[in-house]
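Undergrad: Sequence and computational prediction follow.
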Amino acid sequence: MTLTLRELLEFDVLREARPQVLVGGSGLDRPVRWVHSSEIYEIGPLLFGGELLLTTGLGLAGPDAGARRHYVRELAGRKVTGLALELGRTFTAPPAEVVDEARQLGLPLVALHEVVPFIRITEAANTAIVDRSTARLRRGDDLTRRLDEALAAGAGVGGLLATAGGVTGCPLVVLSAAGALVAGHGVGDHRDAWSLVDAARHLVPVSAAGRPWGRLVAGPGSPLDDADLRSALERTATALGLAVLVTGGPPGQLDRQVAALLSDLVDAAVPAAADYRLRAGLAGFDPAAEQQVVAVAVDGPESGPALAILERAARPLGTPRLVGRVVGGVLGLLVVGGDVRDAVGEVQGRVAEARRRVGAQEVTAAVGHAVPGRAGPGEVAGTLRAARAALRLAVAERASRPRVAPAVTSVRALALELELTAQGDPARLAGLARSTIGALVDWDAAHRTELVRTLEVLLRHGGSPTRAAAALHLGRQSLYQRIERIESLLGHPCDDPVLHASLLLATCAHRLSAG
């Protein structure tokens, strides 16, 4: 553990010097990175921070009171842990201006009333600091070895958490980039996991292949200090990122061809029609003219469950599909028979059911619009890009409202949001909201209410108080009270059909700009 100033003052060699904390007692738990002695007045620029500086005050004998204050300010500006002034040789009492400046800056100032050679103090303190640093490195190397062994044995996210938990001694939780629970160690159920997240002691990002993947959260209870715990979490986060890449499985030749085609459709210049037909045909994707093609974009902390969801959703359809990993997630083209009236709804339902059966609660999916089976590459690219744009909105919504935002949505459900965000101008969205529902926005900000969200939910449920109350988990009487407040602030009724579109537009714009 890191050596603190409080602990250092308890060393026998320092107790011999009869230390007295003059000011800055609240900073005694600051870590001491090194103990250094100097009589140079201009020592400040030579320090790196975290030092305990020992001095007899010789360098302060000549300067006036103002210069001594500057000396203390420089030390505080360099973020030294404390200043220890030996009395008797240069000063019989600490200069008042030094004490006052240290008090104002919160810098611990310690008077040493007995002469103890500084070499004895620095040798004892710095040896202890090096010993502790070495022990920390050994603990870190031991954890890395254990994590490597777990990875070699095929451990996934859960197994790595268990390994790390045995070292950190505290409960751990992994969240996806969308804010959904992925795995936990030392927690009982979902409620315990969310409580741990709320009381997090440390939160470390997890990346896979240079892409944000999720977050590793440590709860209270670890015997390690903050520096040791954070070091352990960072090593665990690295192992988690490797596990994600490993569990994704090595792609075969066909997988690479599919991934390349999907990637070209969404990220590069749209292939020529002949090239698209050839590459799709080689992958076994050749839907009939009367069939319909629907794009799906999936995001999750691991690509394996996302691929499994799309494969499971496509299986009952009994039609060709094109599914693969691309940078940023998993994309798929699913084919629906021409006799299905609502191809988008059919695919969305299949994906939602597959997600439930796979048990991948952290996965988010968005369904694009349907295009004809013989559609050209431009139309296919359009539904893929629309699905991925909708997915970005859905992931952000789940991150901000994980308990209520839908995990599987569609382009048509987010059409308004997609149109509003097409120009990428949050200021325009905020201005649009304020011009129509500014009174509600101000009221919510001042009173911590949810009138804007209540109005949006009411409008999206066709103005039905019964369905809106159920969606908001409110009693109907409570909802009526909110509606009354909304109408009094707006100065007009909520159910005016002429204003329905503008109100829905404004509430949606506010949510997007606030998010």
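TA: Done, it's in. Because the structure is a prediction, the values reported are computed rather than measured. Residues are numbered from 1 along each chain as shown.
Undergrad: from here on, contacts and neighbour counts on C-alpha atoms
TA: Noted.
Undergrad: hang on, Asp228 packs against Arg136?
TA: Yes. The criterion here is Cα atoms under 8 Å, and Asp228 meets it with Arg136 at 6.6 Å.
Undergrad: quick one, phi/psi of Leu53?
TA: phi -100, psi 130 (degrees, to the nearest 10).
Undergrad: give me every residue that touches it.
TA: Val35, His36, Ser37, Ser38, Val80, Gly82, Leu83, Ala84 (Cα atoms under 8 Å, 6 or more residues apart in numbering).
Undergrad: hmm, try it at 7 Å
TA: By Cα atoms under 7 Å, 6 or more residues apart in numbering, the contact set of Leu53 is Val35, His36, Ser37, Gly82, Leu83, Ala84.
Undergrad: Just the ones of those residues in strands?
TA: Applying DSSP state E to the contacts of Leu53, the entries found in strands are Val35, His36, Ser37, Gly82, Leu83, Ala84.
Undergrad: What is the subsequent helix or strand relative to the biggest helix by length in the chain?
TA: Looking across the chain with DSSP state H, the single longest helix is helix 118-152. Per DSSP states H and E, the first helix or strand lying C-terminal to helix 118-152 is helix 157-168.
Undergrad: That following helix packs against which elements?
TA: The contact analysis (3 or more Cα pairs under 7 Å, 6 or more residues apart in numbering; DSSP states H and E) places helix 157-168 against helix 118-152, strand 181-185, helix 226-247.
Undergrad: Which helix or strand lies directly C-terminal to it?
TA: Helix 157-168 is succeeded, C-terminally, by strand 172-176 (DSSP H and E).
Undergrad: By neighbours, which of the ones in strands among the contacts of Leu53 wins?
TA: For the ones in strands among the contacts of Leu53, the largest number of neighbours (other Cα atoms under 10 Å) sits with Gly82, at 28 neighbours.
Undergrad: Report the contact partners of that residue.
TA: Contacts for Gly82 were tallied using Cα under 7 Å, 6+ apart; they are Glu51, Leu52, Leu53, Leu107, Pro108, Leu109.
Undergrad: Checking Val270 next. Helix, strand or coil?
TA: coil (DSSP: H, G, I helix; E, B strand; the rest coil).
Undergrad: pretty sure it contacts Gly378?
TA: Yes. With contact defined as Cα atoms under 7 Å, Val270 reaches Gly378; the gap is 6.3 Å.
Undergrad: Comparing the helices and strands packed on helix 157-168, which yields the minimum mean pLDDT?
TA: Comparing mean pLDDT across the helices and strands packed on helix 157-168, the weakest is strand 181-185, with a mean of 75.
Undergrad: Could you check the next helix or strand after that one and say which residues are buried?
TA: Going down the chain from strand 181-185, the next helix or strand is helix 190-198, by DSSP H and E. The neighbour-count check on helix 190-198 (16 or more other Cα atoms under 10 Å) flags Ala193, Leu196, Val197 as buried.
Undergrad: again, but for stretch 307-326
TA: 307-314, 317, 319-326.
Undergrad: can you check stretch 263-271 too?
TA: So for stretch 263-271, counting by 16+ other Cα under 10 Å, buried means Ser263, Asp264, Leu265, Val266, Val270, Pro271.
Undergrad: ok, so of these, who is nearest Arg482?
TA: Val266 (43.8 Å; Cα to Cα).
Undergrad: Doesn't the closest one belong to a helix?
TA: Yes. Counting by three-state DSSP, Val266 falls inside a helix.
Undergrad: ok, it touching Arg385?
TA: Yes. Contact criterion Cα under 7 Å: Val266 and Arg385 qualify, at 5.6 Å.
Undergrad: Tell me which residue is most central in this structure.
TA: Arg215 (5.5 Å; Cα atoms, centre = their mean).
Undergrad: need the contact list for the residue lying closest to that one once chain neighbours are set aside.
TA: Of all residues not flanking Arg215 in the chain, Pro205 sits nearest, at 4.4 Å (Cα to Cα, 6 or more residues apart in numbering). When contacts are counted by Cα under 7 Å, 6+ apart, Pro205 touches Gly214, Arg215, Leu216.
Undergrad: Could you do Phe91 as well?
TA: Per Cα under 7 Å, 6+ apart, neighbours of Phe91: Gly57.
Undergrad: where does it fall, phi/psi-wise?
TA: phi -120, psi 140.
Undergrad: Please work out how many residues are found near Asn126.
TA: Around Asn126 there are 17 residues (other Cα under 10 Å).
Undergrad: and the strand or helix carrying Arg385 with strand 172-176, angle?
TA: For Arg385, the host element (DSSP H and E) is helix 377-400. Counting by axes from the mean of the first three to the mean of the last three Cα atoms, to 10 degrees, helix 377-400 points 150 degrees away from the direction of strand 172-176.
Undergrad: what's downstream of helix 377-400, the next helix or strand?
TA: Assigned by DSSP H and E, the successor of helix 377-400 is strand 408-410.
Undergrad: Now that next one: average pLDDT?
TA: For strand 408-410, the per-residue pLDDT averages 93.
Undergrad: what comes into contact with it?
TA: Gln348, Ala352, Thr364, Ala365, Ala366, Val367, Gly368, Ala390.
Undergrad: Compute the distance between the first one and Ala381, please.
TA: Distance of Gln348 to Ala381, given as Cα to Cα, to the nearest Å: 19 Å.
Undergrad: Ok, Ala366 next?
TA: Distance from Ala366 to Ala381, by Cα to Cα: 15 Å.
Undergrad: Specify which residue of those two has the higher count of neighbours.
TA: Higher neighbour count among Ala366 and Ala381: Ala366, with 32 against 23, using other Cα under 10 Å.
Undergrad: pull the CA atoms of the strand or helix carrying that one into PDB?
TA: Secondary structure from DSSP H and E places Ala366 in strand 364-372. Output of strand 364-372 as PDB, limited to C-alpha atoms (Å, rounded to 0.1, in the frame of the first residue of the first chain):
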ATOM      1  CA  THR A 364     -29.000  -4.000 -28.500                       C
ATOM      2  CA  ALA A 365     -30.500  -4.300 -32.000                       C
ATOM      3  CA  ALA A 366     -32.100  -2.100 -34.600                       C
ATOM      4  CA  VAL A 367     -34.000  -3.200 -37.700                       C
ATOM      5  CA  GLY A 368     -33.900  -1.300 -41.000                       C
ATOM      6  CA  HIS A 369     -36.600  -0.900 -43.600                       C
ATOM      7  CA  ALA A 370     -37.600  -3.600 -46.100                       C
ATOM      8  CA  VAL A 371     -36.400  -3.600 -49.700                       C
ATOM      9  CA  PRO A 372     -37.300  -5.900 -52.500                       C
END
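Undergrad: circling back: adding distance to Pro94, write the contacts of strand 408-410 out as CSV.
TA: Shown next, in CSV, are those (distance: Cα to Cα, whole Å):
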residue, distance to Pro94
Gln348, 76
Ala352, 73
Thr364, 65
Ala365, 68
Ala366, 69
Val367, 73
Gly368, 75
Ala390, 67
